[in-house]
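1. Dropping the sequence and predicted coords here.
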Amino acid sequence: MNDALPPGLSPLQSIEQVDQGLSAAGYIANRQISTAIYMAHHLQKPILVEGPAGVGKTELAKSVATWMKLPLIRMQCYEGLDESKALYEWKYGKQLLYTQILKDKIGSVIGDSDNLATSLTKLHAFGDIFFSKQFLEPRPLLRALEEPTGAVLLIDEIDKSDQEFEAFLLEILSDFQVTIPEIGTVGAVVPPIVLLTSNSTRDLGDALKRRCLHLHIGFPDEKLEAKIIASRVPGIDASLLRQLVNFVQQLRTLDLKKVPSVSETIDWAKVLVLLHTSVLSVDLVRDTLNVLLKFEADIEAAGKQIAGLTHKARSDAGVPA
Amino acid sequence: MSGSAAPASEPLRRFLQVARGAGLRVSAAEGIDAARAVQMIGYADREILKDSLGLILAKTPEEKASYDEAFELYFKRDDLGAAEDETGEAQRAPAAWAQGGEGGQGDGSGQGLGQLLEQDDRASLATEMEKAARESGIENIRFFTQKNLYARRILDKMGLRRVERDIEALRQSGTPEGLGRAQFLEGSVDRLRDSVRDFVERNLILFAKGETEKFREELLKSARLSNLERRDLDRMRVLVRQMAKKLAARYAKTRRRRLRGQLDIRRTMRRNMGWGGIPFITVWKQKRIEKPRVMVLCDVSGSVAPMSQFLLMFLYALNEALSDIRSFAFAGSLIEVSEILEKEPVEQAITKIMETIGFGSSNFGNSFADFEEGWMKDVSNKTTIIVLGDARGNRTDPRTDIVARLSERSKRIIWLNPEYKSAWGTGDSDMYRYAPFCNLVTVCNTLRHLERAIADILEDAG
């Protein structure tokens, strides 16, 4: 299969290279994620990425695109999304103009036929471009297929779309082609790398799942999270990094409506750096807790335990009390 | 896709079987993908293998969990080398067995087994056991009753008979040395028996778990709900949700089905105003199927309570397909419980309802009177009324007059009775007195009945 690879995709030789490539693009992946990207490329299968909000599902697609220097084509799903917004649309205005031009020029097309039959024959012989590529407005899916160097296609939050739309995606996911009734089947120039993300607000159909590799990204462990923060917030003090990651990890074990995810940890780290913090203090945590927790009830619930958590984070990170 | 789809190698094929046994639904296409993945990465790195196959085979968090378990169980058994050259070995094996076959049981291997036992070479014993197990078709084990059968087969294949004969011979010899060796061998054989039994048990878990679960689920679907054991309740809840989801999806689809062929001229004109009325976009008439409005009257007195619980669970899981459900619970008198059911998770809500009103002795007449007073005005000709109850009013006035009025006012009344038909009309049962006013009276005491009854309700909603 290797000879089918376009030159731009050569970095996908091994799982380690995926790892390195992603981290060069600023995405710290665990081995499962790298394996998924590697397999997706070699098996030519889309990846369905599931996991809680804010763990870097969308970010993964962006990083893959950056690393492989491919255009990222993003399609945000929502209820009521249909093929005219996802795949293609006819340029109605231009089609209308075309018919009007045709009407004006009809005399020269038909010439001086004297009866209806011959003029109809002439009209049929005349090339019809009413339904042709010229009048086609490509939408994200079609664009991804037509991209000459290949692309990273991100179908974001597929669970927000309707079930019919899911069925409509099956063709592109399994064969990297789409069928436009008026024109025919359009296949991919270079099969794109397809990532679908889902927050599991509804169960996806089996047909869709069967066509995809299924990657579940959960919250990272302490070590990985520290690495992610260090890469995203450069210049953060190592001791502060240990403390804040430890604190967030503890926070996740509490019974909260929405536990903070990686994106929140990054925001919090940025805030703490801005405030020139080097040691977590109870007051500081209390003041900045709204960066981590987004529900009043959660802030209240966590508020009672801040002192204990802060203390533990400090001592685990080896900061003298 | 490309021609690189390799035939699944032996260990993978067996693992896929294990995965299916563990309840993963592995389609043929996924099997091919798995084979290609294995071809790409090999068996050398177990962690990467686990991740890669996991990506292909397990598609939900639950499936991931059972996949992990199955992977550990399966690949823990044999070491890497065995997995790599197993195909070759499998081909050689029949030849080996032709030599050592049934009649001359244990010429080579029997000797071998005796030696291995004497040397207490556990690693080789384990390998032998694996081999014997494979040859006796352990992957076909399904029921725990087959454990002894398979254990015996494996021991036979390993050449136990020969060893037993040896032991006997040693004993006959009468020398102290011979007796000692016999005793030692006997101890080893006992240990071997134990470990084989253990091994078979592990394989039973590995290969038959999914089957057993499926079997149990089938059983539960047609078990009388009042006979359920407490430990099955969780599983039942899952089943109810699954069934409801299936029904909801099915009816959501029929509701949206288009009637292509009939042009909606008015809406087409409207839609195409922008292009001077030239119909670029056509709008077709759609058949609107209404969502049923349902009022459920649930008897929650002792005898019917388990049934009511499931009916309510079912209906609330169906929320998507029903536009408007109002639920009422009654025993001696009737109250509306919709709000409790909406606000709290069904299980807790049901306990709460039971605490407020349940377990009394039922009085149907009184409850219907309560309903008429409070809610009759909300019943319209679009409302389906479902009554779930045994129609045993403890010899109180059945108030069929109210049910008659209800029947006139509503679209239809469906009565689900958990009692078998033979019991209707016996003792204090008023079922036949209510029946003339109901559009449908049916026995309903298993999950299957429930599914069918509700499917009918949705079906007729058009």
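-> Yes, it's here. Numbering: from 1, shown residues only, chains lettered A, B, ... in the order given.
2. how close does B:Cys131 get to B:Lys147?
-> Not Cys; residue B:131 is Lys. Shown here: B:Lys131 relative to B:Lys147, a distance of 19 Å by CB to CB, to the nearest Å. In this view, the C-beta of every residue, glycine as well, is placed from N, C-alpha and C.
3. Among those two, which residue is more densely surrounded?
-> Higher neighbour count among B:Lys131 and B:Lys147: B:Lys131, with 21 against 15, using other CB atoms under 10 Å in any protein chain shown.
4. ranges for the strands of chain B?
-> Using DSSP state E, the strands of chain B run over B:258-263, B:284-286, B:293-299, B:324-330, B:334-336, B:383-388, B:412-417, B:440-443.
5. and the fifth one, how far from the chain's centre?
-> Yep, that's strand B:334-336 we're talking about. 35 Å (CA atoms, centre = their mean, to the nearest Å).
6. So in that sheet, which strands flank that strand, and in what orientation?
-> strand B:324-330 (antiparallel) (DSSP bridges).
7. Could you list the buried residues of the strand it pairs with?
-> B:Ile325, B:Arg326, B:Ser327, B:Phe328, B:Ala329, B:Phe330 (16 or more other CB atoms under 10 Å in any protein chain shown).
8. The fifth one contacts B:Val337, correct?
-> Yes - counting by CB atoms under 8 Å, a contact exists between B:Ala329 and B:Val337, whose distance comes to 4.8 Å.
9. Common neighbours of these two, please.
-> B:Ile353 (CB atoms under 8 Å, 6 or more residues apart in numbering or on different chains).
10. residue at max distance from the center of chain B?
-> Largest separation from the mean C-alpha position in chain B: B:Thr175, at 61.1 Å (CA atoms, centre = their mean).
11. For A:Gln13, what is the enclosing helix or strand?
-> For A:Gln13, there is no enclosing helix or strand under DSSP states H and E.
12. before we move on, what about A:Lys105?
-> helix A:92-110.
13. who's in contact with the next helix or strand after that helix?
-> Note on helix A:92-110: by DSSP H and E, the next helix or strand toward the C-terminus is helix A:116-125. The contact list for helix A:116-125 (CB under 8 Å, 6+ apart) reads A:Val109, A:Ile110, A:Gly111, A:Ser113.
14. ok, back up a step: and the average pLDDT for the helix holding A:Lys105 is what?
-> Per-residue pLDDT over helix A:92-110 has a mean of 81.
15. quick one: buried residues of it?
-> Those would be A:Tyr92, A:Gln95, A:Tyr98, for helix A:92-110 by 16+ other CB under 10 Å.
16. mind putting the buried residues of strand B:324-330 in CSV, pLDDT and distance to B:Ala305 included?
-> Shown next, in CSV, are these (pLDDT from 0 to 100; distance: CB to CB, whole Å):
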residue, pLDDT, distance to B:Ala305
B:Ile325, 80, 19
B:Arg326, 85, 20
B:Ser327, 84, 14
B:Phe328, 87, 15
B:Ala329, 86, 10
B:Phe330, 86, 12
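17. Out of those, which two sit at the greatest distance?
-> The most widely separated members of the buried residues of strand B:324-330 are B:Ile325 and B:Phe330, with 16.3 Å between them, by CB to CB.
18. confidence score at the residue in chain A sticking out farthest from the centre?
-> Distance to the chain centre peaks in chain A at A:Asp114, reaching 60.6 Å (criterion: CA atoms, centre = their mean). On pLDDT, A:Asp114 comes in at 74.
19. What of B:Ser323?
-> 64.
20. tell me how far the helix holding A:Lys105 is from the chain's mean position?
-> 42 Å.
21. Briefly note if it comes near chain B.
-> Yes - applying CB under 8 Å from any CB of the partner chain, one finds helix A:92-110 touching chain B at A:Tyr92, A:Gly93, A:Gln95, A:Leu96, A:Thr99.
22. Which residue is the nearest non-sequential neighbour of the second one?
-> Nearest residue to A:Gly93, sequence neighbours excluded (CB to CB, 6 or more residues apart in numbering or on different chains): B:Trp275, at 8.0 Å.
23. I figured that neighbour was touching A:Tyr92, is that so?
-> Yes - using CB under 8 Å, B:Trp275 makes contact with A:Tyr92 at a distance of 6.1 Å.
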